[in-house]
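S.K.: show me the folded form of this:
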Amino acid sequence: MCVFSKKGIIVGLVILLFSMSANASPFMSSKKSLVMKTQMEQLEEVYKILMAARPNKKPAILKAVFSPSDNRTYTKRLRVTATAYTSHVGQTDSTPNIAAWGDRLHPGMKSIAVSRDLLKVYGLKHNQKVRIKGLDGEYVVLDKMNKRWRKKIDIYMGKNKRKAFQWGRRKVEIHWN
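M.R.: Got it, this is the predicted structure:
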């Protein structure tokens with residue numbers, strides 16, 4: 001049996017966590033991704049050991065490490081069709097960088113356009129933050145789609161037509177409050 005001090009384990013967790021985040025990259029090789037997964041599994045094992053030793057007390061550092069970055073709970077969810085669009089005249093109107101409410105769109109923004117029934121029937125609003133299951137981060141409702149669409153979102157892809165075509169058309173689940 002190996003005995004660790006609680007302080008030593010916590011310091012090790014923090015160092016491991018920061019080394020993992022420093023090594024993270026969207027262009028990460030599958031080998032590096034596997035190493036990070038193994039490190040996370042090790043962190044989870046250490047967490048279980050610590051929690052078994054102190055079931056009623058959770059050290060503050062562990063709350064930060066093992067809690068989701070966004071503690072927000074979403075009360076509403078809906079399955080919709082998701083497509084993608086870019087800031088090109090052929091995919092929008094003559095002002096491709098200006099959304100329906102007058103917001104200016106810039107490449108890199110996490111923004112979506114929504115069908116008007118999502119606004120009227122389901123209660124989404126301008127500037128509403130939405131999570132799209134399977135995608136990282138929150139997207140902001142900045143644009144409205146043509147009246148003909150129902151239960152549909154359009155994810156903004158900046159000027160990257162290739163990325164938009166690769167996305168294609170998918171069924172996704174969205175979450176919001």
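S.K.: show the contacting residues for residue 100.
M.R.: 113, 143, 144 (C-beta atoms under 8 Å, 6 or more residues apart in numbering). C-beta coordinates here come from the backbone N, C-alpha and C atoms, glycine included.
S.K.: give me phi/psi at the closest residue to residue 176 other than its chain neighbours?
M.R.: Spatial nearest neighbour of residue 176, chain neighbours left out: residue 130 (4.7 Å); criterion: C-beta to C-beta, 6 or more residues apart in numbering. The phi/psi pair for residue 130 (degrees, to the nearest 10) reads phi -130, psi 140.
S.K.: out of the contacts of residue 100, who's the most crowded?
M.R.: Counting neighbours by other C-beta atoms under 10 Å, residue 113 leads the contacts of residue 100 with 23 neighbours.
S.K.: helix or strand for that one, which one?
M.R.: According to DSSP states H and E, residue 113 maps onto strand 111-114.
S.K.: can I get that strand as CSV, trimmed to CA atoms?
M.R.: Output of strand 111-114 as CSV, limited to C-alpha atoms (Å, rounded to 0.1, in the frame of the first residue of the first chain):
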residue,chain,number,x,y,z
SER,A,111,-22.8,32.7,-33.2
ILE,A,112,-26.0,31.0,-34.5
ALA,A,113,-29.0,32.0,-36.6
VAL,A,114,-32.3,30.4,-35.5
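S.K.: quick check: residue 139 touching residue 114?
M.R.: No. Residue 139 lies out of contact with residue 114 (C-beta atoms under 8 Å); the separation is 9.9 Å.
S.K.: which one of those two has more residues nearby?
M.R.: residue 114 (27 against 21).
S.K.: contacts for stretch 84-99, please.
M.R.: 104-107, 111, 113, 142-144, 154-161, 163-165, 167-168.
S.K.: list the buried residues for it?
M.R.: 84, 85, 86, 87, 92, 96, 99 (16 or more other C-beta atoms under 10 Å).
S.K.: quick one, longest strand in this structure?
M.R.: The longest strand of the chain (DSSP state E) is strand 76-85.
S.K.: can you count the residues close to the residue nearest to residue 176?
M.R.: Residue 130 has 22 nearby residues by other C-beta under 10 Å.
S.K.: ok, what's across the strand from it?
M.R.: residue 139 (DSSP bridges).
S.K.: per-residue pLDDT, it?
M.R.: Residue 130 carries a pLDDT value of 96.
S.K.: can you tell me the closest non-neighbouring residue to residue 122?
M.R.: In space, residue 122 is closest to residue 78, 6.0 Å off (C-beta to C-beta, 6+ apart).
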